[in-house]
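Undergrad: quick check, what structure comes out for this input:
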Amino acid sequence: MSKIRKGDTVQVLAGKDLGKSGKVLRLAKDGERVVVEKINMIKRHQKARRQNEPSGIIEKEAALHISNVALVSPTTGKPVRVGFKIIETATGPKKVRVVHKTGEQLDPA
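TA: Numbers count the residues shown, from 1 in each chain. Okay, the predicted model is just below:
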């Protein structure tokens, strides 16, 4: 289970986009890199492969290392550290993400 997931809002802690925040679009297969919406934009020279595909210089998001982003708390709007806690539910034990400082639960039970 990853501390940061697709759809989470994160803030950049290091690099050229320091302080900016955005939504996680996808995680790399190894779980070490994330692609964040409108962050770490690069220009890519691309040739059209199909009839309706664009060609030329295209701007797109590049991956960031997961250590360079922090999850933004939905209640405070500030970057927070995330931990895990096992809670008991009707269907059995479930592992959920929690904020270290406040103990606030990030995932639905």
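Undergrad: how close does the residue positioned nearest the centre of the chain sit to Ile4?
TA: The centroid of the chain falls nearest to Val24 when counting by CA atoms, centre = their mean (3.5 Å). Val24 is 6 Å from Ile4, where distance means CB to CB, to the nearest Å. Using the backbone N, CA and C atoms, a C-beta is placed for each residue, glycine as well.
Undergrad: joint contacts of these two?
TA: Overlap of the contact sets of Val24 and Ile4 (by CB atoms under 8 Å, 6 or more residues apart in numbering) consists of 10, 34.
Undergrad: mind listing the strands in the protein by residue range?
TA: Taking DSSP state E as the criterion, the chain carries its strands at 9-12, 21-27, 33-36, 41-46, 56-61, 64-65, 69-72, 79-80, 82-89, 92-99.
Undergrad: hmm, Ser73 is touching Val98, no?
TA: No. Counting by CB atoms under 8 Å, Ser73 stays clear of Val98, with 10.9 Å between them.
Undergrad: and the gap between Val96 and Glu61?
TA: With CB to CB as the criterion, Val96 and Glu61 are 29 Å apart.
Undergrad: one more: Arg26?
TA: For Arg26, the distance to Glu61 equals 9 Å [CB to CB].
Undergrad: who has more neighbours, those two?
TA: The neighbour comparison of Arg26 against Glu61 (other CB atoms under 10 Å) goes to Glu61, with 17 against 13.
Undergrad: quick check: beta-bridge partners of the closest residue to that one other than its chain neighbours?
TA: In space, and not counting its chain neighbours, Glu61 is closest to Val35: 5.1 Å by CB to CB, 6 or more residues apart in numbering. Here Val35 sits in beta bridges with Arg26, as judged by DSSP bridges.
Undergrad: count the neighbours of Val35 for me.
TA: 18.
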